[in-house]
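1. This is a predicted model, with the sequence first.
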Amino acid sequence: MAARIPIDRIRNIGISAHIDSGKTTLTERILFYTGRIHKIHEVRGKDGVGAKMDSMDLEREKGITIQSAATYCVWQGSQNQFEPINVNIIDTPGHVDFTIEVERALRVLDGAILVLDSGKGVQSQSITVDKQMKRYHVPRIAFVNKMDNPGANYERVADMLKEKLGHHPVKIQVPMGAESEFKGIIDAITQQAYYFDGPDGNDIRIEPVPAEFADLAKSARERIISDVADVDDELAEKFLGEQEISVDDIRAAIRRATLALKMTPVMCGSAIKNKGVQLLLDAVVHFLPRPTEVLNEAHDQTKGEEKVVVESDPTKPFIGLAFKLQQDKYGQLTYFRVYQGTVSSGDTIFNTSNEMRKVRVPRMFRMHSEDREEIPSAEAGDIVAFYGVEASSGETFTDGKMNVTLTSMHVPAAVISLAVAPKDRSTEVNFSKALNRFTKEDPTFRVHQDEESQQTIISGMGELHLDIYMERMRREYNCDVIAGKPQVAYRESITKRAEINYTHKKQTGGSGQFAKILGYIEPLPSDAVEAYEFVDDIAGGAIPREFISSCDKGFREGVRKGTLIGFPVVGIRCAVNDGAAHAVDSSEMAFKTAAIMGFREAYAKAGPTILEPIMKVEIDAPSEFQGTVVGQVNQRRGVIQDTVSGDSVNITCEVPLNAMFGYSTDLRSATQGKGTFTMEFARYAVVPRQEQDEMTKKYRETLAAEAKK
């Protein structure tokens, strides 16, 4: 086995972007130039092989990434200028329905490459991915891909990074030409021109800057120095003192500012035309962090969740995070990021997220998409996969010397549900096996049993998300599924304050039940983080302390199901400010019942209303269909927010999720199959009054019909 690369020569990076920006194509080129693969395959390749990182048949057929895939490669620089650098890469999906794959990848990565389409720039999913990077404080390099495409505009995309994402973009390269004229790249820092020759662009030719680009390259270097000096004091000192500034000075300053999240280096190229990928890899080494340069924190469970710093030191006690589960033909693979210490095959490790449950590590692997290479041990900074270790996504493991948990990842709420059942009763066992596995693998895929109808309900991030899982049941578990009409995740809320004044009295043989509560319910401000808030305003012991939590429990029970259409109530504050108790007849149960009944009475007087999920939709279609596309959006109660016209038209709008079912078919037929769209959850908004009345009426009829049964 090759000698281990030390931790300061490791880079853990993710490649993220809007769908169809060329992430998987870029990863394929990186693997080729680092010698991990010996032939390039395209994402929608005619050879039927598909890209290395798209290992699922479904991914190869649809030409999209569904699961994030991990790999690693060793890079020594475009001119062999580095000692070997181990680059761990996670290629993530661009489609918003698989946003959890991006979320969990960014949770365990140290740096990222944000890929942008040179013609379209910052798109809706680029904004979502950028938010995720900010959430986990991930430094990034922006790579403007597809410079060979019509409409390619490097300058405009860099400006969009500032306008739409609030970055401080610094263009460190100058493209030589654009569109069909794109022939190479100038490194503005070193003032050298790079050409990528040979059928696969692996022969790099370095020449002086051509005369026609000389002034542009010179001013680009000056601009880099002034832009970086704005956010780096060391370089600013040299710049203001008019001292000589070397290539190393500029690179060191860019590195410091990038790691401090004060700037984003912007680069360009064309992955499909094999131009600029090697320089991007050089930049990963120069500007993205080593594991030791990232601050990782955990919560000490023995000291009331006190924060402790996790050091990227292989000699300290082991701490790792299970961030992804995957089933393959041999069993369950659990992907781990090792944050501290060392772990070896045969070791016993403890799940601190699950009451220190201990498990043995039978075998571990370095992953290369679906291929694997067995390794005896892993150290801080490594991303590996364990075989036969039972875990759920986001659980922390240690060697038992510490009881700490790493912060888990943010899991977005589901927006769509479907009632599903196996077509054939004989496949019920496979059906439940599949559901069990998928919920373990994907925290955004949820399953529950509807209490009233006894149907199995699956919920997720969008139609495509649920379609893919139903297709996987058919392929991987030989289980055909029948699905009902998609159900939108509606919510109920209130529009005004209402008082609570309820007395619960029940006298039966022996001790009775007595509880009196007074208080109010009111809407929470629109920017509130939580959907429910409980306020205890009891003074002078009107309600004994031990019964306050019962009031909270009663209110929580009340908000689980509103009375208009039976959906959860959100954006509500429930308060108790007075009441009465009986020395013998009062109990936790009595106060919980009083809170539930008091809540229901007040809810009816608080102007209850129905909320529906509004989706942010981005549509791309040829310009000649603009009128038809806009008409379709208007028909679906959509509100257009932005339209960018060129050869194709890009429309950003907000549309209720309920009106989006079947939209992909309508859009395709209206644009001769050329229109595409992406959508993601934006916010909840009030349903129009007429629709509310219809929905409430329908719900009451359903309840009445069930009562008759």
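-> Good, I have the coordinates. Since we're looking at a predicted model, the values are computed, not measured. Numbers count the residues shown, from 1 in each chain.

2. pLDDT at residue 242, what is it?
-> Looking at residue 242, its pLDDT stands at 88.

3. can you check residue 281 too?
-> For residue 281, pLDDT reads 96.

4. Just say helix, strand or coil for the residue nearest to residue 459 when sequence neighbours are not counted.
-> Using CB to CB, 6 or more residues apart in numbering and skipping residues adjacent in sequence, the residue nearest residue 459 is residue 414, 3.8 Å away. C-beta here means a position set from N, CA and C on the backbone, and glycine is covered the same way. Assigned state for residue 414: coil (three-state reduction, DSSP: H, G, I helix; E, B strand; the rest coil).

5. any idea how far residue 414 is from residue 395?
-> Look at residue 414 and residue 395: by CB to CB, to the nearest Å, they are 21 Å apart.

6. What of residue 79?
-> When residue 79 is compared with residue 395 (using CB to CB), they lie 43 Å apart.

7. ok, those two, which is more surrounded?
-> Each of residue 79 and residue 395 has its neighbours counted (other CB atoms under 10 Å); residue 395 has more, 21 against 10.

8. Excluding residues flanking it in the chain, which one is nearest that one?
-> Nearest non-adjacent residue to residue 395, counting by CB to CB, 6+ apart: residue 353, 4.0 Å away.

9. ditto for residue 255
-> Nearest to residue 255 is residue 287, by CB to CB, 6+ apart, at 5.1 Å.

10. Show the low-confidence segments of the stretch 601-709 of the chain, by residue range.
-> Counting by pLDDT under 70, the stretch 601-709 of the chain has low-confidence residues at 709.

11. And the helices in it?
-> Along the stretch 601-709 of the chain, the segments classed as helices by DSSP state H, counting those that start in this stretch run 626-635, 663-670, 689-708.

12. Once you drop chain neighbours, what's closest to the residue nearest the centre of the chain?
-> Nearest to the mean C-alpha position of the chain, by CA atoms, centre = their mean, lies residue 103 at 3.1 Å. Distances taken as CB to CB, 6+ apart place residue 409 nearest to residue 103, at 5.2 Å, with adjacent residues excluded.

13. show me the contacts for the one you found.
-> Contacts here follow CB atoms under 8 Å, 6 or more residues apart in numbering; on that basis residue 409 touches 100, 103-104, 107, 323, 393-394, 443.

14. which regions of the stretch 451-600 of the chain sit below the pLDDT cut-off?
-> Residues of the stretch 451-600 of the chain that meet the cut-off, pLDDT under 70, sit at 451-453, 508-510.

15. can you give me the helices for it?
-> With DSSP H, counting those that start in this stretch as the definition, the stretch 451-600 of the chain shows helices at residue ranges 463-477, 548-559, 588-605.

16. which one of those lies closest to residue 517?
-> helix 588-605 (5.0 Å; CB to CB).

17. Show me the contact partners of the closest one.
-> Helix 588-605 has contacts (CB under 8 Å, 6+ apart) with 494, 498-504, 506, 513-517, 519-521, 543, 546-547, 549-555, 557-559, 562-563, 569, 574, 576, 581.

18. Could you check how far that helix is from the centre of its chain?
-> Mean C-alpha position of helix 588-605 versus that of the full chain (CA atoms, centre = their mean, to the nearest Å) differs by 38 Å.

19. Would you mark the buried spots in that helix?
-> For helix 588-605, the neighbour count (16 or more other CB atoms under 10 Å) marks 590-599, 602-603 as buried.

20. Kindly report the same for stretch 321-341.
-> For stretch 321-341, a neighbour-count test (16+ other CB under 10 Å) marks 321-326, 332-341 as buried.

21. What is the nearest of those residues to residue 665?
-> Nearest member of the buried residues of stretch 321-341 to residue 665, counting by CB to CB, is residue 326, at 31.8 Å.

22. hang on, the closest one in a strand?
-> Yes - counting by three-state DSSP, residue 326 is part of a strand.

23. Which secondary structure state is assigned to the residue lying closest to it once chain neighbours are set aside?
-> Nearest non-adjacent residue to residue 326, counting by CB to CB, 6+ apart: residue 333, 4.8 Å away. For residue 333, the assignment made with three-state DSSP gives strand.

24. and the helix or strand residue 128 falls within, C-alpha only, in CSV?
-> Using DSSP states H and E, residue 128 sits in helix 124-135. Extracted as CSV, the C-alpha positions of helix 124-135 are listed here (Å, rounded to 0.1, in the frame of the first residue of the first chain):
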residue,chain,number,x,y,z
SER,A,124,-31.9,29.6,-8.4
GLN,A,125,-30.2,26.4,-7.2
SER,A,126,-26.8,28.3,-7.1
ILE,A,127,-28.4,30.6,-4.6
THR,A,128,-29.6,27.6,-2.5
VAL,A,129,-26.2,25.9,-2.6
ASP,A,130,-24.5,29.2,-1.7
LYS,A,131,-26.8,29.5,1.4
GLN,A,132,-25.8,26.0,2.4
MET,A,133,-22.1,26.8,2.0
LYS,A,134,-22.6,29.9,4.2
ARG,A,135,-24.5,27.8,6.8
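
25. Residues contacting that helix, please?
-> Contacts for helix 124-135 (CB under 8 Å, 6+ apart): 16-19, 21, 94-96, 99, 102-103, 106, 112, 114, 116, 140, 164-165, 261, 410, 616, 618, 652, 678, 680.

26. how does it look with 6 Å?
-> Helix 124-135 is contacted by residues 16, 18, 94, 96, 102-103, 106, 112, 140, 165, 618, 678 when judged by CB atoms under 6 Å, 6 or more residues apart in numbering.

27. Then stretch 396-405?
-> Against stretch 396-405 from outside (CB under 6 Å, 6+ apart): 298-302, 317-321, 349-353, 406.

28. Swap in 7 Å and give it another go.
-> For stretch 396-405, contacts defined as CB atoms under 7 Å, 6 or more residues apart in numbering pick out 298-302, 308, 317-322, 341, 349-353, 356, 406.

29. Report the mean confidence score over that stretch.
-> On average, stretch 396-405 scores 88.

30. and residue 394, how far is that from residue 620?
-> Going from residue 394 to residue 620 by CB to CB gives 34 Å.

31. before we move on, what about residue 524?
-> The spacing between residue 524 and residue 620, counted by CB to CB, is 37 Å.
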